[in-house]
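>>> below is the structure, and that's it, no one-letter string:
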């Protein structure tokens, strides 16, 4: 019994459907009124939805929420300090920090931006997230042009990830400001080993160059040193080198490749007036004579670089036992089991923290592969951008400008070991003992620049660069590391697959 | 006629209206999105079937579909195969063991995945010893089967519970008849028990299959060791694509995934409603006598070891200092136990705990009320028929990400972002479909005469429902409530998207600031504190409320799943 | 005219209940009799308002109640398994219909004690259903149905869950109760003996249709067709030719209507089985053409298996059937 309500339940469903349609219609109508629901052209810079209000000379007031990723030991304390200073200077302003785990930043930011929510008003992001958030952030070109943000104080190459170009290679939008410098990868090493004079002498006698990373000139020298340490059993492992399969392989190879590409005409590195571009993902592509974007990875320098890469990872547990991704670089060097390591400079405060690390106070820092040939150390600046729907753009810009004053930078370096992104800020940091290690790195920035904007920003136009091309690259390289194919095969496969998969926009 | 049935309709209305308001639009939106592509300026362009055609080009698509099938089939198959002998064992040795066995199912999924990750870690976990002793050669986190293992650990208790409840519900007279006919032990299991409890076995299969389908955290953790896309399933892949500039393709993946699971669910509904009998071959080598109790005890010990080893590791880590956490080889027991991790987890987490607790309790009440009203009318009065049931199962198989952006908009319009109200309003999207479904199963066996009697006593259907049906089904509702609580308490994606500050203790009546404890846990994984210790402590704390509830409802659990 | 069903139709898949017109007389005990699946319970539930007919109307005291939900109908019902609320005591169970009507507690008390007195359950009122025996539960269920003083009391297989002895006791209890209170009672059963013993009227249903309505006497003595004849009591059906009857196809008689005759009877045969049943003996006789006949004889009669005997049936007790139907 009980199956006999067929007629009735149909009518119930009918009423339900009517109600549903009314509700849906209401929701859709609301979406339409509010402006189209899906992210549309409102994010292009010409149509910012709100007008700048408070005049720059008047008293600043208003509220700001800042999305800050947790995970970097110096970033959050620095932003908090600056916010406090800013509020002290402008009592009418209230700033709230919204700490967000690294892995959730894009979710949180994108959800707010796509819904045109005014909060968080300021969003902090990393280079790999730039292409995802960029379309939805405020265009800052006019603030750069008017000098509110001092462009000449920012190393040009840092800007690449926040440029959006049009078809002709002209800058269409700048959606962020680099304010924190992270060098990656830097070589960290245990001072007790490298300052040991007996070892220094023995090494110099055997290999003919100094047992001092700041004086090395090539990958070969780094590898020799690792072999030496391994043979002397000074530590369990000689060199911690990133080969994590989520991200690290893709980042690390860029630097190695660049050092070989410098002498390879096949890659066609752009140079002009003695200025070199710093390496970046852009090295992976060049424009063909007919204007198509093509991969450079089948150049001989790429293959040589890959072979070198494999040599560099032989001084640590094999990749199948433990691949070295971000958390491993962070956690394994402090165990004291490694004599050297390639690391993000943002880890240095952890390595030097006594309650977290067994090598605290025992860490030297040099560019990769060595101080005399620093071309494999690149930069991964942290950016700050503005939500176009925040009511007061000028307040947000003012805060960003304040964040980048040499005074704040100096305090940040002193208190937390924070590394600034501007030339003037880096000069300040180089004078503080805690961050003096940065000195050899600043010269990397000084001699580099943007030489070929169209090419250097081309990666930004490959819409599936991170989602489709990166996985192919990592998995092919991993097959080589595991001995399942040669370096040549790996690179050929990558190029072949990339050509099939690449989606370029605007095409 | 109308006069009577408006009551039924009104009973179901709140839940139906809620589901329609909060799910239909996101699902349609997702469907249309699957025909679009986003360019680098953020604009969407119509590409027709372009995203679907990309499946053919996508080098990882076959692997990802294969992984989805692996996780969502291997998990339930292993679960059911293991759960049958385990359930027989529990029945033999006594239901009191059930409580211990059930524990993993009541641990929030993020905590359980973290526990395994920390356990298998080849430098700082037991993985180090496994590698030293040559038991494993490669990092287990890189293996698809580890993901299945973590899933099985988490879902096996549910399968054991369901099958055990089924076994317990077999009438004694049938057991006696079987024994009188000389059928016992494994032979009886195949000839009599399993055919009779086929519905419970199938329900166990579907429930654990849904868990397998939604595998997420273990993939996220394993990706750094296996390589991108190697371990991904459709949910993970869609999530990744959605938040990296390819929402259209993500939408297409979700369409494929829900289509796949809906087909599977339809088979399930069809089987359950057909009430067909299953016959199993009982090979002659099967002994027709009870196995020695020793065998059962051995099984119990093995199961308890499997259950508690990762759990033990979590406890051990929660007492270690940051320096001890990175010691190689890792210490099994903390050498200098510290309480600092717990101090951080409780004191630092206080506003988060308050939000989680309050929102979870309120959502549990709302969910159980709405779900019971809906599922009662569905089960007893066939409201909505198979179509509504199918839509419900469809919702159970729909990933949460499609809701985030539309629901955020609704909360924004209502002005309740980052408040308790916002979470309370949206949480039923996660809990209502599942609760309606399990309560639907429960109410299918509810004696309809109770309502008839109430009506004859002069109550209308509302009164009959609230004064008679609800009080009489409180055992079932208590179990449903535990599940609703478990989901709400462990929720991560909604609070991450809809909240951004912790509960404002300075202004408690504003109910503003609504980050939950699971958000707090994920923030702890920061390098400054090297969160493992605090995360372990927080994980242990996060288990306490659900385990307390489990303890309170333990007697109702088997009855809840056993009926039918 | 207490209760009337008019052109009521209700379908469940292949099953179809069709009641063209059926009137339940006021203050009488009416039995709905039929085998399972005959539609008797459905009819009862339609009267209660628990099922809605696909078409047709129901009148109570001349008022059309078809559209009224159960809780607005003046009808009480006792369910087959009593459907007592397990979480309430007997007292609270009985109080439910009164509480719904928002009657004062004092009044409720009075009414409950009154009805409990009638049903003899005063000392059980504080107990929970699980603590009561089947018969006690039933009385509580009846009390719950009666306490709101309904115009019609519906009983759904009220005796089927009780053991045989209790069942006999309760039959007369129900009948007396109905008489005492002057209730209109509709009682559903599949037990024809129960139907005959307590019904003022019997409505015989088969396969969704009413076959015959009448007093027990009418139904037993003047069955409308072979189905009724066979369904009610024990029966013998033989080809008419055996009795030399010309104007019918079959003839039938009840076992108690035949008697043994010494010198030749209407039929002759060999006794194949003798059952001693206390008040009488039941003989099974094999007659020509392999037909079996049952005849009831006084317990003192000396009959043995294998004996050859002859049986006589008085003509006035012989029912004649043409096809299935009774011809008079």
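It's in. Predicted, not measured: the structure shown is a model, and the values here were computed from it. Numbers count the residues shown, from 1 in each chain, chains lettered A, B, ... in the order given.

>>> so how far is chain B from the closest residue to residue C:276 other than its chain neighbours?
Counting by C-beta to C-beta, 6 or more residues apart in numbering or on different chains, residue C:276 lies nearest to residue C:299, which is 7.0 Å off, once chain neighbours are set aside. Every C-beta, even on glycine, is put in place using the N, C-alpha and C of the backbone. According to C-beta to the nearest C-beta, to the nearest Å, residue C:299 stands 39 Å off from chain B.

>>> hang on, isn't residue C:299 packed against residue C:282?
No - using C-beta atoms under 8 Å, residue C:299 makes no contact with residue C:282, being 10.4 Å away.

>>> between these two, which one's more packed in?
residue C:282 (16 against 11; other C-beta atoms under 10 Å in any protein chain shown).

>>> can you give me the pLDDT of the closest residue to the more buried one other than its chain neighbours?
Of all residues beyond its chain neighbours, the one nearest residue C:282 is residue C:275 (4.5 Å), with distances taken as C-beta to C-beta, 6+ apart. Per-residue confidence at residue C:275 stands at 90 (pLDDT).

>>> in what helix or strand does residue C:275 lie?
strand C:267-276 (DSSP states H and E).

>>> what sits up against that strand?
C:238, C:242-243, C:281-288, C:292-293, C:299, C:303-311, C:313 (C-beta atoms under 8 Å, 6 or more residues apart in numbering or on different chains).

>>> buried only: go through those for me.
Buried members of the contacts of strand C:267-276, counted by 16 or more other C-beta atoms under 10 Å in any protein chain shown: C:238, C:242-243, C:281-285, C:287, C:293, C:309-311, C:313.

>>> and residue B:304, how many neighbours?
14.

>>> so what's it closest to, chain neighbours aside?
Nearest one to residue B:304, counting by C-beta to C-beta, 6+ apart, is residue B:100 at 6.4 Å.

>>> and what of residue B:226?
residue B:142 (3.8 Å).

>>> the one you found contacts residue A:320, correct?
Yes - under the criterion of C-beta under 8 Å, residue B:142 makes contact with residue A:320 at 7.1 Å.

>>> comparing these two, which shows the higher neighbour count?
Neighbour count, other C-beta under 10 Å: between residue B:142 and residue A:320, residue B:142 has more, with 22 against 15.

>>> give me the pLDDT for the more buried one.
For residue B:142, pLDDT reads 87.

>>> tell me how far it lies from residue C:118.
From residue B:142 across to residue C:118, the span is 80 Å (C-beta to C-beta, to the nearest Å).

>>> also residue C:138?
Counting by C-beta to C-beta - residue C:138 and residue C:118 are separated by 14 Å.

>>> likewise for residue B:296?
57 Å.

>>> those two: who's more crowded?
Just comparing residue B:296 and residue C:118: by other C-beta under 10 Å the higher neighbour count belongs to residue B:296, 19 against 16.

>>> for stretch A:303-323, buried residues please.
A:303-309, A:312-313, A:315-317, A:319, A:321-323.

>>> what's the answer for stretch C:164-182, then?
C:166, C:167, C:170, C:171, C:173, C:174, C:175, C:177, C:178.

>>> among those residues, which two are most distant?
Spatially, the most separated pair among those is C:166 and C:178, at 18.3 Å (C-beta to C-beta).

>>> now do the contacts for residue C:111.
Here residue C:111 is in contact with C:98, C:103, C:147 (C-beta under 8 Å, 6+ apart).

>>> can I get those in CSV with distance to residue B:227 and secondary structure?
CSV is the format used below for the contacts of residue C:111 (distance: C-beta to C-beta, whole Å; DSSP: H, G, I helix; E, B strand; the rest coil):
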residue, distance to residue B:227, secondary structure
C:98, 73, helix
C:103, 76, coil
C:147, 75, coil
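
>>> can you flag the buried ones in these?
By 16+ other C-beta under 10 Å, the contacts of residue C:111 give C:98, C:103, C:147 as buried.

>>> so among those, where is pLDDT lowest?
Out of those, that is residue C:103, at 87.

>>> quick revisit: now the helix or strand following the strand holding residue C:275: mean pLDDT?
For strand C:267-276, the following helix or strand on the C-terminal side (DSSP H and E) is strand C:281-287. The average pLDDT for strand C:281-287 rounds to 91.

>>> for the helix or strand that strand C:281-287 is followed by, name the packing helices and strands.
Remark: after strand C:281-287, the chain's next helix or strand is strand C:291-297, criterion DSSP H and E. Judged by 3 or more C-beta pairs under 8 Å, 6 or more residues apart in numbering or on different chains; DSSP states H and E, the packing partners of strand C:291-297 are strand C:236-239, strand C:259-260, strand C:267-276, strand C:281-287.

>>> could I get these as CSV with distance to residue B:246?
Below are the helices and strands packed on strand C:291-297 laid out as CSV (distance: least, C-beta to C-beta, whole Å):
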stretch, distance to residue B:246
strand C:236-239, 83
strand C:259-260, 98
strand C:267-276, 87
strand C:281-287, 87
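
>>> could you find the closest non-adjacent residue to residue 281?
Going with chain A. Counting by C-beta to C-beta, 6+ apart, the residue nearest residue A:281 is residue A:459, at 4.6 Å.

>>> switch to chain C, that's the one I care about
residue C:297 is the one closest to residue C:281 (C-beta to C-beta, 6+ apart), at 5.1 Å.

>>> so how many other residues sit close to the one you found?
The burial count for residue C:297: 20, using other C-beta under 10 Å.

>>> sounds good, over and out.
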